[in-house]
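K.L.:
Let me see the structure of the following:
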Amino acid sequence: MNDRNGSGYSRCYECRRGGIRIIRASEIGQYAYCAHAWWMSSVEGLTSGHQREMAAGEATHQRHGQGVRRSLGLARLAYAVLLLAVVVGIVWLVSWLTG
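P.N.:
Below you'll find the model as predicted:
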């Protein structure tokens, strides 16, 4: 059952150096959900009939990722402000104790 590239995989991701097939996490998820759908996509090279839903899901994931990055940035800023407050507090305490 060979196809266009003779490897049996019409859409496989191959390492250019050794020809090793890299299996993506999304492929494992697709296989776990429906092995036949994985076969049709990865081996036969057919596309899903749910392109609109998949695009909407991808957009949702991108928005979520942006929110996560934003929250991490805000957390770092909060730690920096906390550190600054501690330093100012220590400087104030030392100056108060020394008179």
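
K.L.:
From now on I want contacts and neighbour counts done on CA atoms only, so please keep to that.
P.N.:
OK.

K.L.:
measure L72 to T60 for me?
P.N.:
Between L72 and T60 the computed distance is 18 Å (Cα to Cα, to the nearest Å).

K.L.:
Ok, H36 next?
P.N.:
26 Å.

K.L.:
burial of G45, as a residue count?
P.N.:
G45 has 15 neighbouring residues, counting by other Cα atoms under 10 Å.

K.L.:
do the same with V81
P.N.:
V81: 12 neighbours (other Cα under 10 Å).

K.L.:
For this protein, which segments are assigned as strands?
P.N.:
Shown for the chain, no strands are assigned by DSSP state E.

K.L.:
Let's see the pLDDT reported for G89.
P.N.:
G89 is assigned 97 on the pLDDT scale.

K.L.:
ok, it - how many residues close by?
P.N.:
For G89, using other Cα under 10 Å, the count is 12.

K.L.:
same deal with Y31?
P.N.:
Neighbour tally, Y31, other Cα under 10 Å: 15.

K.L.:
residues contacting the residue positioned nearest the centre of the chain?
P.N.:
The centroid of the chain falls nearest to G65 when counting by Cα atoms, centre = their mean (7.8 Å). Counting by Cα atoms under 8 Å, 6 or more residues apart in numbering, G65 makes contact with nothing.

K.L.:
Fine by me, we can end here.
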